[in-house]
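Participant: could you look at this predicted model? Sequence included:
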Amino acid sequence: MPERERRRGPAPAPPAPDVPVYVISVAAELTGLHPQTLRTYDRLGLVSPGRSGGGGRRYSWRDIELLREVAELTAAGIGLEGVRRILQLEAMLAGLQDRLRQREDEVAALRYALQTARADRGSAANLPAVLGTDPGRSVVVWRRGPSNP
């Protein structure tokens, strides 16, 4: 190992995608946009960079990716209000996809609980309540027993 490497130690890990570390000049270079354009996008609320102690803008890698997306959309002829709406809809879609994954996990847990209860007690027994992950949204599974005329 070279002497220089031994003194420094291992290379630091890159920052997390949401950590604002890039100053506006670096963000402009990484996106191919002018710094004034980045200020405009910030003022319009298309991107919200972090701020340093002195008030300077600090962009995260996620901000850089968002700026690139805005640049692509505007280059395709979409106005800034259209870009804003597209970004809102994409964020809404991501939230709905997360909720769908949560519900799919809940359904899988309920199916497993049902199979387990059937295996443990037989198919004719009443099944216990299976609680969901959200308070106030419990799921109760009832199994009708043999009917008595």
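Facilitator: It's in. None of the values given here were measured: they were computed from a predicted structure.

Participant: so where is this structure shaky, pLDDT-wise?
Facilitator: The model of the chain has pLDDT under 70 over residues 1-8, 121-149.

Participant: nearest residue to the middle of it?
Facilitator: residue 94 (6.7 Å; CA atoms, centre = their mean).

Participant: against residue 44, how distant is residue 72?
Facilitator: Using CB to CB, to the nearest Å, one gets 17 Å for the distance from residue 72 to residue 44. Yep, even glycine has a C-beta here, placed from its N, CA and C like the rest.

Participant: swap in residue 82?
Facilitator: From residue 82 to residue 44 the distance is 12 Å (CB to CB).

Participant: residue 112 too?
Facilitator: Residue 112 is 48 Å from residue 44, by CB to CB.

Participant: going along the chain, name the helices of the chain.
Facilitator: 3-8, 24-31, 35-44, 61-75, 80-121 (DSSP state H).

Participant: format the ones you listed as a markdown table; extra columns: distance to residue 16.
Facilitator: Listed next are the helices of the chain as a markdown table, based on distance: least, CB to CB, whole Å:
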| stretch | distance to residue 16 |
| --- | --- |
| helix 3-8 | 22 |
| helix 24-31 | 16 |
| helix 35-44 | 21 |
| helix 61-75 | 8 |
| helix 80-121 | 18 |
